[in-house]
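Chemist: Got a predicted model here, sequence first, then my questions.
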Amino acid sequence: MLTTTEKIKVLLKRNNMTAGELAEQTGQTRQNLSNKMKRNNYSEDELRAIAAALGCECKITFVLKDGQEL
């Protein structure tokens, strides 16, 4: 399974976009985004902004052991 950072990198490549461009479009510095990517640490709001900038939807769910999604 890919980490969130790895998924973002795949989407960056597919969108022919740099991390610097993504940082600009999400209202943060390149260094700040780079630090988040290194730590693989994002808030839900940041993930939604990143998804919007990359032209996709962000879906965050919890899945119980029986397969039920919350």
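Modeler: The structure has been received and is ready for your questions.

Chemist: who's in contact with residue 40?
Modeler: Going by Cβ atoms under 8 Å, 6 or more residues apart in numbering, residue 40 touches 3-5. Where C-beta positions appear, they are placed from N, C-alpha and C, glycine not excepted.

Chemist: so what pLDDT did it get?
Modeler: Note on residue 40: pLDDT of 97.

Chemist: Which members of the contacts of residue 40 are positioned in helices?
Modeler: 4-5 (DSSP state H).

Chemist: Dump the contacts of residue 40 into a markdown table; add neighbour count as well.
Modeler: Output for these, formatted as a markdown table (neighbours: other Cβ atoms under 10 Å):
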| residue | neighbour count |
| --- | --- |
| 3 | 10 |
| 4 | 14 |
| 5 | 15 |
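
Chemist: Could you dump the contacts of residue 40 into TSV and include pLDDT and distance to residue 44?
Modeler: Below are the contacts of residue 40 laid out as TSV (pLDDT from 0 to 100; distance: Cβ to Cβ, whole Å):
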residue	pLDDT	distance to residue 44
3	96	16
4	96	11
5	98	16
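
Chemist: which one of the contacts of residue 40 sits closest to residue 45?
Modeler: Residue 45 has its nearest neighbour among the contacts of residue 40 in residue 4, at 13.9 Å by Cβ to Cβ.

Chemist: mind checking how far that closest one is from residue 66?
Modeler: 25 Å (Cβ to Cβ, to the nearest Å).

Chemist: chain center to stretch 21-32: distance?
Modeler: Chain-centre distance of stretch 21-32: 12 Å, with Cα atoms, centre = their mean, to the nearest Å.

Chemist: cool, stretch 23-39 as well?
Modeler: Centre-to-centre, stretch 23-39 and its host chain are 10 Å apart (Cα atoms, centre = their mean).

Chemist: before we move on, the earlier item: nearest to residue 57 among the contacts of residue 40?
Modeler: residue 4 (14.7 Å).

Chemist: residues contacting the closest one?
Modeler: So residue 4 contacts 40, 42, 47 (Cβ under 8 Å, 6+ apart).

Chemist: Would you mind measuring from it to residue 17?
Modeler: Per Cβ to Cβ, residue 4 is found 17 Å from residue 17.
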